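# missing the sequence, but the structure's below:
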């Protein structure tokens, strides 16, 4: 019985070491969440959004929060480097890139408080 307890403790400790998380907390101008319902995320929309971000003349600064086992990812934008007009245009363009609206959720002025994997 002691061996089983020790093995369980070691496995749990090893899993904890590999699954390092960071708590992200704050209010973001734009939160883009790629979710999954058992078959992975909408990679097509993610690729389009990545491309859009890469082509912006003023590169928007963003953080990435990875969660789950199927690629669930959230992009967190403050958009402070953009003017109000540029923010509106950027958000509109982001929304236009979404292929599967069931798997990609966009929220504005969102309080985000979640653990994220490194």
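Yep, it's here. Just so we're clear, the structure is a prediction, and the values are computed from it rather than from any experiment.
# Next secondary structure after the lowest-mean-pLDDT helix or strand in the chain?
Least confident element among the helices and strands of the chain, by mean pLDDT, DSSP states H and E: helix 2-18 (a mean of 44). Downstream of helix 2-18, the first helix or strand assigned by DSSP states H and E is strand 21-34.
# What are the buried residues along that next one?
24, 28, 29, 30, 31, 32, 33, 34 (16 or more other C-beta atoms under 10 Å). C-beta: built from backbone N, CA, C; applies to glycine.
# buried ones in the helix or strand that residue 116 is a member of?
Assigned by DSSP H and E, residue 116 falls within strand 104-117. Buried residues in strand 104-117, counted by 16+ other C-beta under 10 Å: 104, 106, 110, 112, 116.
# Would you confirm that the fourth one contacts residue 78?
No. Taking C-beta atoms under 8 Å as the definition, residue 112 is not a contact partner of residue 78, at 10.9 Å.
# residues shared between the contacts of these two?
residue 28 (C-beta atoms under 8 Å, 6 or more residues apart in numbering).
# Spit out the contact partners of the residue nearest the centre of the chain.
Centroid-nearest residue in the chain: residue 74, 1.4 Å away (criterion: C-alpha atoms, centre = their mean). Applying C-beta under 8 Å, 6+ apart to residue 74 gives the contacts 31, 32, 33, 34, 64, 65, 67, 112, 114, 116.
# Swap in 6 Å and give it another go.
33, 65 (C-beta atoms under 6 Å, 6 or more residues apart in numbering).
# what does residue 45 give?
97, 98, 99, 104.
# swap in residue 21?
Per C-beta under 6 Å, 6+ apart, neighbours of residue 21: 115, 117.
# ok, what's across the strand from it?
Beta-bridge partners of residue 21, counted by DSSP bridges, are residue 117.
# Please state the mean pLDDT value computed over the strand holding residue 116.
The average pLDDT for strand 104-117 rounds to 93.
# where does this protein have low pLDDT?
Along the chain, the model assigns pLDDT under 70 to residues 1-19, 118.
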